[in-house]
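>>> Sequence and predicted model, in that order:
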Amino acid sequence: MARFAAGVGFTVASLTLAHSAAGAELVIEQVTVVSPQLAAAQPKQNVLVRDGRIVSVSSKPVGAAAGAVRLDGRGKFLTPGLMDSHVHVGEVPGLPFVPDPALAAIGDAYTRQQPRSYLYYGVTQVLNLASTPDSAAAFEAQPQHPDLFRCGPAIVLDGYPSVFIDPSVRHRAVPDFIYEPANAAKHPLPAGADAAQHTPEAVIGKLAASGVRCIKIFIENGFGPDSSWPIMSKETLQRVRAETRKRGLLLIAHANAIDMQRIAVESQVDVIAHGLWNWNEYSTEQGVPPAIATHLREIHAKKIGFQSTLRVIAGLADLFREDTLKDPAYTKVVPPSLLAWYATPAGQWFKEEMRQGMGGVPDMKAMHNYMVVASYGMRATEYLHDLGHPLLLGSDTPSAPTFGSQPGYDTYREMRMMAQSGVPLPAIFRAGTLNNARQFGLDKDYGTVEAGKIANLLLLTANPLETLRAWTSIDRIILHGSVIKRESLAAPRE
Ligand SMILES: [Zn+2]
C-alpha cells in the first residue's frame, strides 16, 4: 500500500496492469456519452480504450487493432463509474461486533461478494473511511473489485467509535489513540503507555506511513440523550489540522449533530462525513430554522465537502420494515447464507437492541421514529444543494451492524434518497462522479469520460440525467477496460 503514501498526485498505473493485458483494446461504438463536464449528452460517440485507459472519444470512426473487443453502444449511455466516498469494507452488515467463529463461513462469503456487489450497482471506486489495512487487503484480493482508497482513523482515547469496545481490551484494540490532556481526569493515559507516542503528530505520522490519503476524526460526544463520550479539545483539533496540512492529507470529520458539526466547521475540516440530522434544540416540524441555515451557508462559504449519508438513519428504519429481507435486490448483493442468517432470531440481535433503546415500541412506530430523524438530514441536503453546494456521494455502508445496509445497493439507495430530498438528477450524477473525484484528488484519473482517464465506465440502458432507473438497469460494467456483464456479478448460489 506504500504507493499511496504520497497522498496527492500519485498514479494508478499498477492497478491498470493488474486488470487488463498490455495492448488490449476496447471500442464502444455509436454510444451516447453522459459525462459531468459536458453540458448535454453527446450521441453517436466512438470511444477507444487501450491498456485500461480511454484513448479517444470522438464522433469519427476509430481504427482499433485487430482483435479489439467491440461493444455496440446504440441506444445505450456511457458514463463514468460511480465513486462511493464513504464505505467500510471491513465490516459485515448485521454481524455482531465481537467475531463469532460459528459465523466465519458467512463472513467469508460476504468478503467474496462485497466488491462484486459494489460493481453490480456501478460503483467502480470506493473510499474506505477508517477500516483496517487487513480488511482493505482482503477486498483487493478478490478477482473483481472497485479501486479502493483509504482514510485512517485518528481516535481520541476512549472516544467514539472505540467507546463500543470493552474497556479491558480497548487500548489493545485501538493502540494508536490520541491522548487528550484536557480529558485526563476521566480518561488518564493507560498504564505503560508513552505519551509521546499518542500526540496528534505521532498518531497522524504513523497513519500517513501506512499509506492513507486522508485522516478521519470523530466529533461525537454521544448518541441520543448520552453526551458523555470524550472528544478532542480545540487545541488538539488545531494540531490535527496543522499536521494533516503539513503532510498533504485531507481531514475528514464524523459529525452529524449541529453542535458537533459546528466544531468541524470551526476547525476547518476538508469534508464532513455525515448529513446533518440531529438539529437538537433547533428541531422543527418543517422548514430550515435560521441557526441551521447559517451553519449550512458557512459550510458552503468555506467550501467544506459534504456527504449527506442519508442511508445511515434509513438503514436503521429498514431493520423494522417487514419486507426488507424479501427485497428482490437483496438476492443480488447478499450471499444466500448471510440472507438466511438475517432471518433467524440471532440475526435480529441489533434490531432488538434498537427496539429496546426505544422502549420496546412496535415495528411501525420504530420505523416512523427513524424516518422523522432522516427527514432533518433530507432538508439539510436540499438546502445545501439549493445554495449551489457540490454534494459528495457517500453511503456509509455499513454505518451500523444493520442488515438494512448493503454494499452497492446502498450507494443506489443513497442517490434515491438524495432525489427524494429534492436534489435534481444531474447534481446527484455529479456527486457520484466528478465531485468525489475532485474532492479526493483523483480527478486526473477518474470522474469523467475523457481521453487519458482510467476506463472505469458504465454502459447503461437509460439516461441517468433523466431517470434513477439508469442505475438499476446497468448493462455492462467496464473496469480498467475489461467488460463485465452485470448479472455475472450477482451473488452466486452457495
Ligand atoms: Zn462511516
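In hand now; what should we look at?

>>> When you work out contacts or count neighbours from here on, use the C-alpha atoms and nothing else.
OK.

>>> Residue 300 touches residue 389, doesn't it?
Yes: judged on CA atoms under 8 Å, residue 300 makes contact with residue 389 at a distance of 5.8 Å.

>>> And these two? Which one has more around it.
Using other CA atoms under 10 Å, the more surrounded residue of residue 300 and residue 389 is residue 389, with 21 against 18.

>>> list the contacts for the more buried one?
With contacts taken as CA atoms under 8 Å, 6 or more residues apart in numbering, residue 389 has the following neighbours: 300, 303.

>>> Contacts made by stretch 164-179 with the rest, please.
154-158, 162, 189-190, 195, 197-200, 203.

>>> Same check on stretch 193-200?
176, 177, 178, 179, 189, 202, 203, 236, 239, 240, 243.

>>> ends of it, how far apart?
When the termini of stretch 193-200 are compared using CA to CA, to the nearest Å, they are 15 Å apart.

>>> just to revisit the earlier point, TSV please, covering the contacts of stretch 193-200 and showing neighbour count, distance to residue 467 and secondary structure.
Conversion of the contacts of stretch 193-200 to TSV gives the following (neighbours: other CA atoms under 10 Å; distance: CA to CA, whole Å; DSSP: H, G, I helix; E, B strand; the rest coil):
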residue	neighbour count	distance to residue 467	secondary structure
176	22	45	coil
177	24	45	coil
178	27	46	strand
179	27	49	coil
189	18	54	coil
202	17	48	helix
203	23	45	helix
236	20	46	helix
239	14	45	helix
240	25	42	helix
243	19	43	helix
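
>>> would you turn these into JSON lines with pLDDT and distance to residue 325?
Converted to JSON lines, these look like this (pLDDT from 0 to 100; distance: CA to CA, whole Å):
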{"residue": "176", "pLDDT": "91", "distance to residue 325": "38"}
{"residue": "177", "pLDDT": "95", "distance to residue 325": "38"}
{"residue": "178", "pLDDT": "97", "distance to residue 325": "40"}
{"residue": "179", "pLDDT": "96", "distance to residue 325": "42"}
{"residue": "189", "pLDDT": "94", "distance to residue 325": "45"}
{"residue": "202", "pLDDT": "97", "distance to residue 325": "45"}
{"residue": "203", "pLDDT": "97", "distance to residue 325": "41"}
{"residue": "236", "pLDDT": "97", "distance to residue 325": "44"}
{"residue": "239", "pLDDT": "98", "distance to residue 325": "46"}
{"residue": "240", "pLDDT": "98", "distance to residue 325": "42"}
{"residue": "243", "pLDDT": "98", "distance to residue 325": "45"}
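
>>> What is the nearest of those to residue 309?
For these, the closest approach to residue 309 (CA to CA) belongs to residue 240, at 24.1 Å.

>>> quick one: low-confidence parts of the stretch 51-200 of the chain?
Within the stretch 51-200 of the chain, no stretch falls below the threshold (pLDDT under 70).

>>> Now do the strands in it.
With strands called from DSSP state E, counting those that start in this stretch, the stretch 51-200 of the chain shows them at 53-58, 69-72, 77-80, 82-87, 123-129, 147-153.

>>> same question, the stretch 251-400 of the chain
Counting by DSSP E, counting those that start in this stretch, one finds strands in the stretch 251-400 of the chain at the ranges 271-272, 305-306.

>>> ok, and what's touching the last one?
What that stands for is strand 305-306. Strand 305-306 is contacted from outside by 270, 271, 272, 273, 274, 275, 299, 390, 391, 392, 439, using CA under 8 Å, 6+ apart.

>>> Go again with 10 Å.
Judged by CA atoms under 10 Å, 6 or more residues apart in numbering, the contacts made with strand 305-306 from elsewhere in the structure are 252-253, 269-276, 296, 299-300, 381, 384, 389-394, 431, 435-436, 439-440.

>>> same check, this time on the first one
Contacts of strand 271-272 with the rest of the structure, by CA under 10 Å, 6+ apart, involve 216-217, 250-256, 261, 264-265, 299, 303-308, 392, 439-440.

>>> Quick one: distance of it to the chain centre.
Centroid separation for strand 271-272 versus its chain: 12 Å, with CA atoms, centre = their mean, to the nearest Å.

>>> try the last one
Its chain's C-alpha centre lies 12 Å from the corresponding centre of strand 305-306 when counted by CA atoms, centre = their mean.

>>> Residue 313: which of the strands of the stretch 51-200 of the chain is closest?
Proximity to residue 313, assessed across the strands of the stretch 51-200 of the chain by CA to CA, is greatest for strand 82-87 (14.7 Å).

>>> what's the closest one packed up against?
Strand 82-87 sits against helix 104-120, strand 123-129, strand 147-153, helix 409-421, helix 425-432, helix 434-439, with contacts defined as 3 or more CA pairs under 10 Å, 6 or more residues apart in numbering; DSSP states H and E.

>>> mind checking which of the ones you listed is nearest residue 338?
Each of the helices and strands packed on strand 82-87 was checked against residue 338 via CA to CA, and the shortest separation belongs to helix 104-120, namely 5.7 Å.

>>> What residues of the closest one count as buried?
Buried residues in helix 104-120, counted by 16 or more other CA atoms under 10 Å: 106-107, 109-120.

>>> circling back: can you put the helices and strands packed on strand 82-87 in CSV and add distance to residue 335?
Rendered in CSV, the data for the helices and strands packed on strand 82-87 read as follows (distance: least, CA to CA, whole Å):
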stretch, distance to residue 335
helix 104-120, 6
strand 123-129, 18
strand 147-153, 22
helix 409-421, 13
helix 425-432, 26
helix 434-439, 29
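
>>> I'd like to know how many residues surround residue 129.
By other CA under 10 Å, the burial measure for residue 129, its neighbour count, is 24.

>>> Name whatever forms a beta bridge with the residue nearest to it when sequence neighbours are not counted.
Nearest in space to residue 129, with sequence neighbours left out and distances taken as CA to CA, 6 or more residues apart in numbering, is residue 151 at 4.9 Å. With beta bridges defined as DSSP bridges, residue 151 has these partners: residue 129, residue 214.

>>> and if you look at residue 460?
Applying DSSP bridges to residue 460, the residues it is bridged with are residue 77, residue 474.

>>> Could you measure from it over to residue 25?
From residue 460 over to residue 25 the distance is 20 Å, taken as CA to CA.

>>> ok, residue 97 - contacts?
Taking CA under 10 Å, 6+ apart as the contact definition, residue 97 lies against 91, 164, 165, 400, 401.

>>> my bad, residue 140
Counting by CA under 10 Å, 6+ apart, the residues that residue 140 touches are 115, 134, 146, 147, 148.

>>> could I get those residues as TSV with distance to residue 85?
Rendered in TSV, the data for those read as follows (distance: CA to CA, whole Å):
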residue	distance to residue 85
115	14
134	19
146	12
147	11
148	10
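
>>> wait, which of these is closest to residue 363?
Set against residue 363, the nearest of the contacts of residue 140 by CA to CA is residue 115 (31.6 Å).

>>> tell me, how many neighbours does residue 416 end up with?
Residue 416: 19 neighbours (other CA under 10 Å).

>>> mind listing what the nearest residue to it once chain neighbours are set aside touches?
Excluding the flanking residues, the one nearest residue 416 by CA to CA, 6+ apart is residue 468, at 7.1 Å. With contacts taken as CA under 10 Å, 6+ apart, residue 468 has the following neighbours: 412, 413, 415, 416, 419, 425, 428, 429, 462.

>>> Pull out the buried members of the contacts of strand 271-272.
With neighbours counted using 16+ other CA under 10 Å, these contain these buried positions: 216-217, 250-256, 261, 264-265, 299, 304-308, 392, 439-440.

>>> Cool, thanks, talk later.
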